[in-house]
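>>> got a structure for you, letters missing:
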């Protein structure tokens, strides 16, 4: 992009940026089109029209970056400063429907992610931008000395980041070697929710859990993924549900085998009138008018006796699936593109207690929303991060892998283990260094046990968040509005005698 827009005025740069952005987002997020046709039930024309608008909206972020770079360079500011600052500014401020960051390109290299402890995903995007603009400068500069300086700047950045990453990784691993640990059993049900009712999925999860408990005695916790219990369950009847249905089958009487381990399960909760009967029909998979029921996409933690220890409601609802895109800006979007399932948020986020440990649970794409995730972790002060997800709506696409790649940074930003438990993959534990610590095979029914460390010390990013990056926004705005050459001429004026 930097080479292509060199010498162009801002309208031409914006056009090239938009083309690159649209093509990139359309190629990497084509699963949105599949979801519109399959999950939302839209026709070919309707889904194609919406997806085109989606790709243009996502791609406009690159157009904004191209405009900032073009204006800044035209006013005499060096690309080495303008491009990294511009990239950080647009990634900080542009409202993506499904946000992603340049940092995702190095998610497989933990050493290159370590700076996220201090500056979140934006600092990783920033240094990557500095390396890339150094290469572009080497191509664009005519003088050999300028080319050498650009190459040296990029190489030095990469060397420094790698060195810091190696040192910080070793330090974190030493710290984590002495912390308390939990043994957690995980069930990946691989329930295909796009095929409608297939019996009660609780039977599948309970059976796999009983086998897991027999195979691995002494577990501290069992975890089921998002909406493992897909039918509305009344909040007032949760103890009975766990005692007689989730942890054992009461129909087998006193001889029924029992799960004698605390259970964290993804559930749909009915938070409505406790005097009203609640059906156990699966949630509709076509858009409809709101129910009298007040449903929430929740995670419920119960002890081995069925006593409810805590409930977490999903706070950030997914566009298309659970809310209309941009419905925060305009309520009329609900009528244009009604969500597949309507969920509400009835409880503020809080840590779920497990003995002396504190668990922070996020649901679905909440673990890619770094800003709201950081706020919740800062307020709840947990020892362990757990994400419950069901990416079965996009089965067979790249969505699950993309989701996992974006989520890895949360472990580094907060220096805690991140355990992701999904319906069909990617189910994995990410170490506080960003390294994949453990993983189940995706796309199949599976179960396993993972040991994770508990740690509660807040990081620099957890304390400060993205506040320092607003300084980058101020600098790039200054560069686009101020002529550097004029400033230098004013600075060289001789003193008045």
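Everything's here; your move. These figures come from a predicted structure and were not determined experimentally.

>>> so what's the residue nearest in space to the middle of the chain closest to, chain neighbours aside?
Residue closest to the mean C-alpha point of the chain, counted by Cα atoms, centre = their mean, is residue 368 at 1.2 Å. Nearest residue to residue 368 in three dimensions, chain neighbours excluded: residue 406, at 4.1 Å (Cβ to Cβ, 6 or more residues apart in numbering). Any C-beta I mention is one placed from the backbone N, CA and C, and that applies to glycine too.

>>> thought that neighbour was touching residue 105?
No - counting by Cβ atoms under 8 Å, residue 406 does not reach residue 105; the two are 11.3 Å apart.

>>> When the two are compared, which one has more neighbours?
residue 406 (22 against 14; other Cβ atoms under 10 Å).

>>> Is the more buried one within a helix or a strand, and which one?
The secondary structure element spanning residue 406 is helix 399-414 (assigned by DSSP states H and E).

>>> low pLDDT regions in this structure?
For the chain, applying pLDDT under 70 flags the ranges 38-41, 193-198, 273-293, 320-341, 392-396, 487-497.

>>> Going along the chain, name the strands of the stretch 301-450 of the chain.
308-313, 352-354, 357-363, 384-389, 418-422, 428-430, 436-439, 446-453 (DSSP state E, counting those that start in this stretch).

>>> Dump those strands into TSV; add distance to residue 263 as well.
Below are these laid out as TSV (distance: least, Cβ to Cβ, whole Å):
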stretch	distance to residue 263
strand 308-313	10
strand 352-354	11
strand 357-363	12
strand 384-389	12
strand 418-422	12
strand 428-430	18
strand 436-439	20
strand 446-453	14
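
>>> Thought residue 404 was touching the residue nearest to the centre of the chain, still the case?
No - counting by Cβ under 8 Å, residue 368 does not reach residue 404; the two are 9.6 Å apart.

>>> show me what contacts residue 169?
Taking Cβ atoms under 8 Å, 6 or more residues apart in numbering, we find residue 169 in contact with 110-111, 114, 433.

>>> can you map out the helices along the stretch 101-250 of the chain?
116-140, 144-176, 201-215, 238-241 (DSSP state H, counting those that start in this stretch).

>>> buried residues in the third one?
By neighbour count on 16 or more other Cβ atoms under 10 Å, the buried set for helix 201-215 is 201-202, 204-206, 208-210, 212-213.

>>> Of these, which pair is most distant in space?
The most widely separated members of the buried residues of helix 201-215 are 201 and 213, with 18.5 Å between them, by Cβ to Cβ.

>>> a markdown table for the strands of the stretch 301-450 of the chain, including mean neighbour count?
Output for the strands of the stretch 301-450 of the chain, formatted as a markdown table (neighbours: other Cβ atoms under 10 Å):
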| stretch | mean neighbour count |
| --- | --- |
| strand 308-313 | 20 |
| strand 352-354 | 18 |
| strand 357-363 | 24 |
| strand 384-389 | 27 |
| strand 418-422 | 28 |
| strand 428-430 | 25 |
| strand 436-439 | 18 |
| strand 446-453 | 19 |
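
>>> For residue 257, which of the ones you listed is the nearest?
Closest among the strands of the stretch 301-450 of the chain, using Cβ to Cβ: strand 446-453, at 15.8 Å.

>>> check contacts around the residue nearest to residue 368.
Per Cβ under 8 Å, 6+ apart, neighbours of residue 406: 100-101, 104, 107, 367-368.

>>> Let me have the residues you listed in TSV, extended by distance to residue 36.
Putting these into TSV (distance: Cβ to Cβ, whole Å) gives the following:
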residue	distance to residue 36
100	19
101	24
104	23
107	27
367	23
368	19
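
>>> Return the members of those residues classed as buried.
Looks like the contacts of residue 406 have 100-101, 104, 107, 367-368 buried, using 16+ other Cβ under 10 Å.

>>> Quick check: the gap between residue 389 and residue 312.
According to Cβ to Cβ, to the nearest Å, residue 389 stands 14 Å off from residue 312.

>>> what residues are shared contacts of the two?
In contact with both residue 389 and residue 312: residue 363, using Cβ under 8 Å, 6+ apart.

>>> Could you tell me which residues make contact with residue 422?
188, 225-226, 388-391, 400.

>>> Tell me the bridge partners for it.
residue 389 (DSSP bridges).

>>> how close does it sit to residue 301?
The value you get for residue 422 to residue 301, if Cβ to Cβ is used, is 18 Å.

>>> same check, this time on residue 4
From residue 4 to residue 301 the distance is 52 Å (Cβ to Cβ).

>>> okay, these two: which has more neighbours?
Using other Cβ under 10 Å as the criterion, residue 4 and residue 301 rank with residue 301 on top: 23 against 15.
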